[in-house]
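Student: Sequence and computational prediction follow.
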Amino acid sequence: MITKAQILQWLEKVAAVLSENRQYLTDLDSPIGDGDHGINMDRGFKKVMEKLPSVADTDIGNILKTTGMTLMSSVGGASGPLYGTFFMRSGMALAAKEELDNHDLVELLQSAVEGIVQRGRPQLEDKTMYDALFPAVEALKASVENGDDTVEAMQKTVDAAEAGMKATIPLQARKGRASYLGERSIGHQDPGATSSYLILNALLDTVKGE
Amino acid sequence: MITKAQILQWLEKVAAVLSENRQYLTDLDSPIGDGDHGINMDRGFKKVMEKLPSVADTDIGNILKTTGMTLMSSVGGASGPLYGTFFMRSGMALAAKEELDNHDLVELLQSAVEGIVQRGRPQLEDKTMYDALFPAVEALKASVENGDDTVEAMQKTVDAAEAGMKATIPLQARKGRASYLGERSIGHQDPGATSSYLILNALLDTVKGE
Amino acid sequence: MKKLINAIDDVVNEQLEGMAVAHPDMVKVHFDPNFVYRADAPVSGKVALVSGGGSGHEPMHGGFVGVGMLHAACPGAVFTSPTPDQMYEAAKTVNSGAGVLFLVKNYTGDVLNFETAAELAHDDGIPVQSILIDDDTAVKDSLYTAGRRGVGTTVLAEKITGGAAEAGYDLDKCADLCRKVNMNGRSIGIALTSCTVPAAGKPTFDLGDDEFEFGIGIHGEPGRERFKMKTVDEIAEMMTLAILDDGAYTRTVREWDRANGEWVEKQLTDQPLKSGDQVIAFVNSMGGTPVSELYALYRKMAQIIEGRGLSIVRNLVGPYITSLEMQGASITLLKADDEILRFWDAPVVTPGLRWGA
Amino acid sequence: MKKLINAIDDVVNEQLEGMAVAHPDMVKVHFDPNFVYRADAPVSGKVALVSGGGSGHEPMHGGFVGVGMLHAACPGAVFTSPTPDQMYEAAKTVNSGAGVLFLVKNYTGDVLNFETAAELAHDDGIPVQSILIDDDTAVKDSLYTAGRRGVGTTVLAEKITGGAAEAGYDLDKCADLCRKVNMNGRSIGIALTSCTVPAAGKPTFDLGDDEFEFGIGIHGEPGRERFKMKTVDEIAEMMTLAILDDGAYTRTVREWDRANGEWVEKQLTDQPLKSGDQVIAFVNSMGGTPVSELYALYRKMAQIIEGRGLSIVRNLVGPYITSLEMQGASITLLKADDEILRFWDAPVVTPGLRWGA
Ligand SMILES: Nc1ncnc2c1ncn2[C@@H]1O[C@H](COP(=O)(O)OP(=O)(O)O)[C@@H](O)[C@H]1O
Ligand SMILES: Nc1ncnc2c1ncn2[C@@H]1O[C@H](COP(=O)(O)OP(=O)(O)O)[C@@H](O)[C@H]1O
Ligand SMILES: [Mg+2]
Ligand SMILES: [Mg+2]
Ligand SMILES: [Mg+2]
Ligand SMILES: [Mg+2]
């Protein structure tokens, strides 16, 4: 079970983690992008933190949807609409929910990632956030079907995301700014895949009660 | 007596002297001007050298007038019309002459300098070429009235010009680009006064047969 | 970094304020969300043209808002794409009922944000279409990249499509014309210096005193290749041939299906320029290169083009799509037909481009 | 030095060639002596406006040749005044019989060469007059200097007087209007960077990364004073107040007496700007500063001007009178009356300035 309070904690953790990693994400974006991913994400989640109080006592669906709409209008760049869609879609999928069981959790992540696919049309190994998110969803589904509890399920999800993130290093980018660098994009970890990992890891910490 | 051949020699000497002193005049123009006086004068007299052969066997008046017109259309800047007028006026004053006696010589320099006054309206101590040329004319007139021969007369003329040139050093410029520097123009020798001295000195060398 | 700016966070807003007070007869500026729009918007019966992108390319896009060109422009932060709420609010403001055409430069960020805005506008019952500009021949393939970037052709497409909208073209005809202009336009850019994004405070790349970058975009990204400095004649030849010798280019773009409210993919292929073609030649400064140098570039470019049997029937020379204060230039050649020329020649009254009225 | 040029000796001629091929509908270029002239010159019955000066200020002057502005422009070498034969030949080419007005920026070299040309034209039976532009408030007195330099007001005077000539003003009325515009116009300039004259190969002055020059001319000459870098608001205030607080200015100029064929001296005094005045505000880039930064400057300048009770009734923002690639800006404020506004608003069709047609 994931409570609404935990969802709010998660989003606060994400905001904290992204501002801690603002420089790190920006540095990852510099050699293969335009060096603003950390700035974009930090700006977006700071806005989310301003917005949340006003919707804190509505349902989980609305909280996530509001998060998505806020990111959408404050992040900009490629990641803005992508993460905006991520949270808006998960919110729509969980309309009126006050708490989430493991199948709701699958719903959350699956519809979120489907949204990213529709928006950005990434394919596996394009060297994008999708390379971290796709294996994460698969792992979550398997784990839940397997009857694991929430912490176990999220642990496997995050492990898969982290592996996917690291796997972007040897890839040549075929989407986003990095793709213009051709072979010069090889050898760098994708910033978006990294922020995706951090976001999921923050949820793991939350359910672990850390 | 100054022969037409000597007038031609003079102009050739001037061309030679100005190209030797191209950098020197430009360096003088840098701190208090725009660092192009040597370039301007050298460019102008090179053109004169190209033009002269075509008029070499016309009269002295026409040779000087042609020199002036050539400088006028090739030097540019402030000194172009000034030296252009210098030679055009002297040429007009000596129309049809095949040789010059000392009174013709006074005519030459006096009308040349009158031309410069009309064109540039310099006053004494404005820190311009006029500060070298005015005392030179006065010295020439006195010496000729005094019955000196051409070499003596030109020697006194050049001495006066040199003194006038040196006297520009402590002056604050009130004409030309240098004037915008106000007091910062003090302590520098005026490039135009310097080129005027060089031009007269070349005539002295000529009459001395050097 | 030395610039005529105040606090870094205020740069874009203050520049927009300045433009608003300088040209109240032509444009108005809406803040939060930010967009520049025609002082007389909405223009009844006319399709509204909306573009936008990161700031730092001035006069594009805000400077092209006015009669005969854009109805609204949405500026993001410097070199960062704007957000969907900007385009959505702009669309609502300028839509007269005849619909809104989004003119989008092909950068992932711009594309995704404009697509989201198009969906929001559609849900609001606004007839909307979106056309992509992807004309940068410095990007070779579209299969393994995000595709050719949108550069110089954007300015020409905004002018020509804007003229058609003014003339009463409906939404689909505006979209068709805009698509044609993009298919007919090809560009290449070079940089003699980098540029400094205010928020970064230092140049986005380093370039030696004796080097230049060939095949740059418009965001201070390094180019395709770096060379020792050459004469303008040599550079003009490299640039002009990069366009003239560029082959057919195929890519898949997404356009909006209003009937079914979904994106449909279209495969588009445009053909190389060839002898006999009439072109509009656009020689652009990246911001810091004075127009005098552009004329030296134009001189040699024109010789090469005419030598290849093409003819320049119109031209534009100056700083129109820039990268802040970068020194450099770009060349865009647009194959022109009667329809394109008719709307190129049509009156335009904007802060950045004006003729015919 | 990195520029889009070939051999240094060819820079000006090749740029002129480029402009000629780019704008054959507007201008023609004559070489040796060099001058740019209206494609349709001479324009029968109309007074011909001729200006000129050193190159490096593009689009001024050659870019302002065309309908409603200059009839001819005589470019010298970079930052070096042109020679009398250029103005003389240009005058002969564009004179329709209605006479020729020389518009001369106040630099000794320009003045002396134009004066000589005026005499040559007069001897040829061409009705000629010559008006001096001396509007640079950075130069304080005229008694101990060559007087205020001609800067930004030149562009406005060429536009306004050109409009009057197009409208059929005779030579004396054109001269009177041009003189009035000069008397009503005041300017101040700043530099963030120096500029490099091709022949020199290195910047004409050195400026620290944290400094700017205040009170510069347009030839890369150092300014009146050097300051640590400030915000655009502070710089806008320094510049605007330098103009608004500038007192009455008296100087003696020479104009041509056609009846007696001689120069006559005139003492002219112009009055400070004051509350209630209507002004044309011209915010100019020195070449390397992008228009986006000019709008930030415009924003604060406008606040100060309105705060002083003056009103901006027209404006011009962009790179129009430049110093090669120098980063910096100038502000010109021109007190406007109905006559001035009428000809400011009149159509102009030149490579560098265009509206109304
Ligand atoms: N088409 C796409 N689909 C999915 N993710 C993408 C796509 N394009 C880019 N991304 C992700 O966006 C990240 C870059 O985000 P960001 O730097 O904020 O935007 P921008 O590239 O516009 O500056 C990349 O690291 C990549 O993970
Ligand atoms: N009004 C004037 N009358 C006489 N001589 C002048 C005047 N103005 C400038 N000069 C002379 O011209 C010289 C500068 O010539 P030059 O450097 O060739 O022209 P510019 O100043 O246009 O670059 C000065 O050193 C001075 O002697
Ligand atoms: Mg980025
Ligand atoms: Mg000089
Ligand atoms: Mg000079
Ligand atoms: Mg970005």
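Tutor: Received it, and whenever you're ready, just let me know what you need. Numbering: from 1, shown residues only, chains lettered A, B, ... in the order given. Ligands and ions are numbered 1, 2, ... in the order given.
Student: Excluding sequence neighbours, find me the nearest residue to the one residue in chain A that gets nearest to ligand 5.
Tutor: Residue nearest to ligand 5 within chain A (Cβ to the ion): residue A:34, separated by 45.1 Å. From N, CA and C alone the C-beta is placed, and that goes for glycine too. The shortest distance from residue A:34 to any non-neighbouring residue, by Cβ to Cβ, 6 or more residues apart in numbering or on different chains, is to residue A:177 (5.9 Å).
Student: what's the neighbour count on the one you found?
Tutor: Residues near residue A:177, counting by other Cβ atoms under 10 Å in any protein chain shown, number 24.
Student: For it, give its distance to residue A:141.
Tutor: Here the criterion is Cβ to Cβ, to the nearest Å. By it, residue A:177 lies 32 Å from residue A:141.
Student: And stretch A:56-63, how far out from the chain middle?
Tutor: On the basis of Cα atoms, centre = their mean, to the nearest Å, the separation between the geometric centre of stretch A:56-63 and that of its chain is 19 Å.
Student: Quick one: end-to-end distance for that stretch.
Tutor: 7 Å (Cα to Cα, to the nearest Å).
Student: buried set for it?
Tutor: By neighbour count on 16 or more other Cβ atoms under 10 Å in any protein chain shown, the buried set for stretch A:56-63 is A:59, A:60, A:61, A:62, A:63.
Student: Repeat that for stretch A:93-104.
Tutor: Within stretch A:93-104, judged by 16+ other Cβ under 10 Å, the buried ones are A:93, A:94, A:97, A:100, A:102, A:104.
Student: Identify the farthest-apart pair in those.
Tutor: Considering Cβ to Cβ, no two members of the buried residues of stretch A:93-104 lie farther apart than A:93 and A:102, which are separated by 14.3 Å.
Student: hey, where'd the strands end up in chain A?
Tutor: The residue ranges that make up the strands of chain A, judged by DSSP state E, are A:2-3, A:99-100.
Student: so what's residue A:182 closest to, chain neighbours aside?
Tutor: Nearest non-adjacent residue to residue A:182 (Cβ to Cβ, 6+ apart): residue A:172, at 6.8 Å.
Student: Which neighbouring residues are in contact with the one you found, exactly?
Tutor: By Cβ atoms under 8 Å, 6 or more residues apart in numbering or on different chains, the contact set of residue A:172 is A:127, A:182, A:183, A:185, A:186, C:144.
Student: Please spell out the PyMOL selection for the buried subset of those.
Tutor: Entered in PyMOL, the line below selects the buried ones among the contacts of residue A:172, by 16+ other Cβ under 10 Å:
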select buried, chain A and resi 127+182+185
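Student: out of the contacts of residue A:172, which touch ligand 5?
Tutor: Here nothing survives when those are matched to ligand 5 using Cβ under 5 Å from the ion.
Student: From the contacts of residue A:172, pick the one nearest chain D.
Tutor: Looking at those and their distance to chain D, the nearest is residue A:182, at 27.0 Å (Cβ to the nearest Cβ).
Student: my read: residue C:51 touches residue C:104, true?
Tutor: Yes. Using Cβ atoms under 8 Å, residue C:51 makes contact with residue C:104 at a distance of 7.3 Å.
Student: ok, the two, which is more surrounded?
Tutor: Comparing residue C:51 with residue C:104 by other Cβ under 10 Å, the one with more neighbours is residue C:51, at 33 against 28.
Student: show me what contacts the residue in chain C positioned nearest to ligand 1?
Tutor: Going by Cβ to the nearest ligand atom, ligand 1 is nearest to residue C:109 of chain C, at 3.3 Å. With contacts defined as Cβ under 8 Å, 6+ apart, the neighbours of residue C:109 are A:76, A:77, A:78, A:80, C:80, C:81.
Student: Now do the contacts for the residue nearest in space to the middle of chain C.
Tutor: Central residue check for chain C by Cα atoms, centre = their mean: the C-alpha nearest the mean position is that of residue C:154, 2.7 Å away. Under the criterion of Cβ under 8 Å, 6+ apart, the contact partners of residue C:154 comprise C:51, C:60, C:103, C:105, C:133, C:135, C:321.
Student: Skip the chain neighbours and tell me the closest residue to the second one.
Tutor: It refers to residue C:60. What sits nearest to residue C:60 in space, not counting adjacent residues and going by Cβ to Cβ, 6+ apart, is residue C:321, at 4.6 Å.
Student: Tell me the confidence at whichever residue of the stretch 201-350 of chain C sits closest to chain B?
Tutor: As assessed by Cβ to the nearest Cβ, chain B sits closest to residue C:292 within the stretch 201-350 of chain C, at 18.5 Å. Per-residue pLDDT puts residue C:292 at 98.
Student: How about the backbone phi and psi for it?
Tutor: Comment: the main-chain dihedrals of residue C:292 come out as phi -60, psi -40, following degrees, to the nearest 10.
Student: Find me whatever residue is spatially closest to it, sequence neighbours aside.
Tutor: In space, and not counting its chain neighbours, residue C:292 is closest to residue D:58: 4.0 Å by Cβ to Cβ, 6+ apart.
Student: isn't that neighbour right up against residue C:291?
Tutor: Yes. Taking contacts as Cβ under 8 Å, residue D:58 lies within contact range of residue C:291: 5.2 Å.
Student: mean confidence score for stretch A:193-204?
Tutor: The average of the pLDDT scores along stretch A:193-204 is 98.
Student: go on, stretch A:63-75?
Tutor: Over the span of stretch A:63-75, the pLDDT mean works out to 97.
Student: Same question for stretch C:175-194.
Tutor: Taken as a whole, stretch C:175-194 has a mean pLDDT of 98.
Student: So what's the gap between that stretch and the chain middle?
Tutor: For stretch C:175-194, the distance to the chain centre is 7 Å (Cα atoms, centre = their mean).
Student: Likewise for stretch C:268-282?
Tutor: With Cα atoms, centre = their mean as the basis, the distance from the averaged C-alpha position of stretch C:268-282 to the chain average is 18 Å.
Student: Now chain A against ligand 3: closest residue?
Tutor: Residue nearest to ligand 3 within chain A: residue A:33 (3.9 Å; Cβ to the ion).
Student: Kindly tell me how buried that residue is, as a neighbour count.
Tutor: A count of nearby residues for residue A:33, using other Cβ under 10 Å, gives 24.
Student: which residues are common contacts for residue D:58 and residue C:291?
Tutor: Among the neighbours of residue D:58, those also in contact with residue C:291 (Cβ under 8 Å, 6+ apart) are residue D:352.
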